[in-house]
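A.B. asks: Here is my input, please return the structure:
(2 chains)
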Amino acid sequence: MERWEKRIFILAMVFLFAVSTFTVASGQDTIKIGVIGPMQFVQGIGQWNGATMAAEEINAKGGIQVGNKKMKIQLIKADSNEFINPTDATNAMERLITRDKVDFIVGGFRTEAVMPMQDIAMEAKKIFFGVGAAHDELCLRVAKNYNTYKYWFRGSPFNSTFLVRTSFVHLGTVGAILKQSLNLPKIKVAIVAEKAMWADPMIPAAEAVIPKMGMEVVGVWRPSDKATDVTAELSAIQRSEAHIIFTIFSASVGITFARQAGELKIPAMQVGINVEAQKDGFWEATQKMGNYVFTMNTYARNVEQNELTKPFVDTYIKRFGETPAYTADTYAVIVHRLAPAIEKVGSLDADKLVAFIENDVSKGPSGTVAYLKDAEGRHTHDQKWGPGYLTSVGVQWQDGKLVGVWPNKWKATPEAPEITYKGVMPVKIPPWMIEKYKK
Amino acid sequence: MDLVLNIIISGLISGSVFALLAIGFSLIFGVARIVNIAHTAFYMVAAYCIYFVTHKMGSHPIWGMVAAIVLVTLLGIICYKLFINPIREHEGAVLIATIALAMAFQEIMVLKFTGTFLSVPSLVKGYFAILGVKVFYQQLLTFCVVLLVMAGLWILLMKTKLGLAIRSTAQDREVANLMGINEARVAMLTMGISVGLAALTGAVVVPLTVLEPHMWLHPLIMMMAVVVLGGLGSLKGSFLGAYILGFAEALVVFLAPMGAFLKGSVALSIMILVLLIRPEGLFGVSFEEER
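C.D. replies: Purely as a prediction, here's the structure:
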């Protein structure tokens, strides 16, 4: 009997080994992509929607060709809850890597939360495409410590420096329109930036550049990113007689500010970055008071950066009922960067993929992506900005519609050719501003 | 001159919002020694109730406000009966239970409405200007409601039998009980009034703000600061404390615009400074005296 027991035991072991081998083998038929973000908020919902669309599109074609086999994409959702508790973000990232054993990660939103998330992913040597955070430091880390941080790539948006540069272009465009239309001798600008890490480097930059653009800075206001009442700030801004309010908002203060400024008819145009104003729900959230707010955006209905924009935006709207926000660029990252890289390299090996992606130039719905090197020639894995690459679009709320208004005959340098994206419309000035200034 | 006027108006408005919340919180603490951390969560639930009635049912905001006040008051009484009353004698347990309640409300709202930022229309749209300073009618309404609530509470506490019972219970629960006052019933009614005030605050303030499931946290901190500053359980103290912190916030925004985000921190620092000089708060009963 003892011999029989031994045989049964050995058979059981062989069976278990076979089952586990089969499970691992079938696990290898999918590429696991972790999508991490604040999933209860529109930013995270955008990240998930973009990734879902990408996975559906790739899986419908049979998957990604890795060497001689096709592998389908499996998405794993991780709620970082980073708006409320950044510690939850690191836990979510740990879970993705250790429990879910993902191959790649996309997402992250708040720089403060993405930095520790980045450290965890880098330690595990997982390629992490940031789709949400803009701070330069995230990519400077790659240059400073390449061996550790080389698995990080910026996905969207472009970095804070380029964001502010684009905003200055928007500011200059609107300043010129106001000056000409309202016959103003000198444009006065109030800078209003939420208190958040990503906005910090933008303020000294704005204070230095705006006077060089021939405009005057009349003050800097820094409300909390979750401020629910900014009437005091608005009163102070009105007292300063600013013509333009240069906004740097990514959180709910963008709604409060736009709504209260619109309701009080503050005679100044809001130009800059207002992430909440990039969303279709902004109009209702501001009780229709967000009219004439101008913000940078990644996509706009009926505006085409290239031939890939319209199919992506239209399909996204059809699938999810709203215009994609920049966090929905998880789609572009997976479909236009990660998947082609895996197919060309023929492997999921992170080091081989890093070597390929950092030198690759790929076209996506928001423009052409190329990765930058710093002045010393070190890879930063940050994205190139400018004509022919990523520029973003300028959008303005005009009577309930989010209309693309920039670039419209934009010249990056005096010698550069004019750029106008298909579908852009002229900028509109708030009528109460015209009433106040037009004599 | 208009800078001073700006500070006065902003201070009065912020102070009114704090006062509305703090008075309700102070009332239930004064009467039943219940530290209701969920007080501002009831304010948040009221705000979502108004959103639901106006946006999902398409009714006028006034109906939303009526529904919010009635339903949230009922919810407060039910929560009191189910979760607070059984553990009322253990103040630490009540504190933790109300934190749990607030978190539960928050998560329910996240599940129902997600974390999307929402808003509700104003009851009175538009603004008026005083010497060039623009003020929303809704803000004026908030200020008037605070004054009315204070007057109403004064009448309730000073001129009615219920008020007498509430004051007696606040002064000495055991003696009030011996005098035939149903102390448990008074506590429940006071809880209803307190939560009703939170709902009323939600009703008048929410058109001025943005709805999201975590909107109860910041007002909670400010409300606690007001209550501690004014003296735990003192309505007069809460009223005064609210305006002190309201004016502190306005001063920061107008005099140090770069540090506008510090307005809450500055207000809390003032509270700490006052407590260092007068640990019982402005109108609180000193701890030695209470013992």
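A.B. asks: Am I right that residue A:33 is in contact with residue A:101?
C.D. replies: No - using CB atoms under 8 Å, residue A:33 and residue A:101 do not qualify as a contacting pair, with a distance of 11.7 Å. Yep, even glycine has a C-beta here, placed from its N, CA and C like the rest.
A.B. asks: Which one of these two is surrounded by more residues?
C.D. replies: Here residue A:33 and residue A:101 are set side by side on neighbour count (other CB atoms under 10 Å in any protein chain shown), and the busier one is residue A:33, at 25 against 13.
A.B. asks: Just confirm the more buried one is within a strand.
C.D. replies: Yes - following the definition DSSP: H, G, I helix; E, B strand; the rest coil, residue A:33 is counted among the residues of a strand.
A.B. asks: where's it relative to chain B, distance?
C.D. replies: According to CB to the nearest CB, to the nearest Å, residue A:33 stands 23 Å off from chain B.
A.B. asks: show me where pLDDT drops low in the chain?
C.D. replies: Since you didn't name a chain, this refers to chain A. A:1-28, A:439 (pLDDT under 70).
A.B. asks: ah, I was thinking of chain B
C.D. replies: Residues of chain B that meet the criterion pLDDT under 70 lie in B:1-2, B:285-291.
A.B. asks: which stretches of it form strands?
C.D. replies: Here chain B has its strands, by DSSP state E, at B:127-130, B:133-136.
A.B. asks: Quick check: residues of the stretch 151-291 of chain B near chain A?
C.D. replies: Residues of the stretch 151-291 of chain B lying near chain A by CB under 8 Å from any CB of the partner chain: B:208-210, B:212-215, B:218, B:249-250, B:253-254, B:257-261, B:263-264.
A.B. asks: what's the closest of the strands of chain B to chain A?
C.D. replies: Ranking these by their distance to chain A (criterion: CB to the nearest CB) puts strand B:133-136 first, at 4.7 Å.
A.B. asks: taking the residues of the stretch 151-291 of chain B next to chain A one by one, which sit in helices?
C.D. replies: Of the positions in these, B:218, B:249, B:250, B:253, B:254, B:263, B:264 sit in helices, assigned by DSSP state H.
A.B. asks: neighbour-wise, which of those leads?
C.D. replies: In terms of neighbours by other CB under 10 Å, those top out with residue B:253 at 31 neighbours.
A.B. asks: Disregarding flanking residues, what is the spatial nearest neighbour of it?
C.D. replies: residue A:232 (4.0 Å; CB to CB, 6 or more residues apart in numbering or on different chains).
A.B. asks: what does residue A:109 give?
C.D. replies: When the adjacent residues along the chain are set aside, residue A:109 lies closest to residue A:132, with 3.6 Å between them (CB to CB, 6+ apart).
A.B. asks: if I read this right, that neighbour contacts residue A:328, doesn't it?
C.D. replies: No - with contacts counted by CB under 8 Å, residue A:132 stays clear of residue A:328, the gap being 10.5 Å.
A.B. asks: Any chance you could list residues touching both of those two?
C.D. replies: Shared contacts of residue A:132 and residue A:328, defined by CB atoms under 8 Å, 6 or more residues apart in numbering or on different chains, comprise residue A:47.
A.B. asks: Helix or strand next in line after the host helix or strand of residue A:78, which one?
C.D. replies: Residue A:78 is located in strand A:69-79, with elements delineated by DSSP states H and E. Following strand A:69-79 in sequence order, the next helix or strand is helix A:86-98 (DSSP H and E).
A.B. asks: ok, how many other residues are close to the closest residue to residue A:33 other than its chain neighbours?
C.D. replies: Here the nearest residue to residue A:33 in space, its sequence neighbours aside, is residue A:104; by CB to CB, 6+ apart that works out to 4.9 Å. Counted with other CB under 10 Å, the neighbours of residue A:104 add up to 23.
A.B. asks: Just to check, residue A:104 is in contact with residue A:125?
C.D. replies: No - with contacts counted by CB under 8 Å, residue A:104 stays clear of residue A:125, the gap being 11.3 Å.
A.B. asks: Nearest to chain B: which residue in the stretch 301-439 of chain A?
C.D. replies: Using CB to the nearest CB, residue A:322 is the residue of the stretch 301-439 of chain A that sits closest to chain B, at 11.0 Å.
A.B. asks: Number of residues surrounding residue 41?
C.D. replies: Using chain A. 26.
A.B. asks: wrong chain, I was asking about chain B
C.D. replies: With neighbours defined by other CB under 10 Å, the count for residue B:41 comes to 27.
A.B. asks: Tell me, how many residues neighbour residue A:81?
C.D. replies: When counting by other CB under 10 Å, one arrives at 22 neighbours for residue A:81.
A.B. asks: do you know how far it is from residue B:115?
C.D. replies: Noted for residue A:81: a distance of 9 Å to residue B:115, by CB to CB, to the nearest Å.
A.B. asks: Quickly list what's touching both of the two.
C.D. replies: By CB under 8 Å, 6+ apart, the residues touching both residue A:81 and residue B:115 are A:38, A:40.
A.B. asks: excluding its backbone neighbours, what's nearest residue A:364?
C.D. replies: Nearest in space to residue A:364, with sequence neighbours left out and distances taken as CB to CB, 6+ apart, is residue A:332 at 3.7 Å.
A.B. asks: What segments of the stretch 201-350 of chain A are strands?
C.D. replies: Assignment of strands within the stretch 201-350 of chain A using DSSP state E, counting those that start in this stretch yields the ranges A:216-221, A:244-249, A:269-274, A:294-297.
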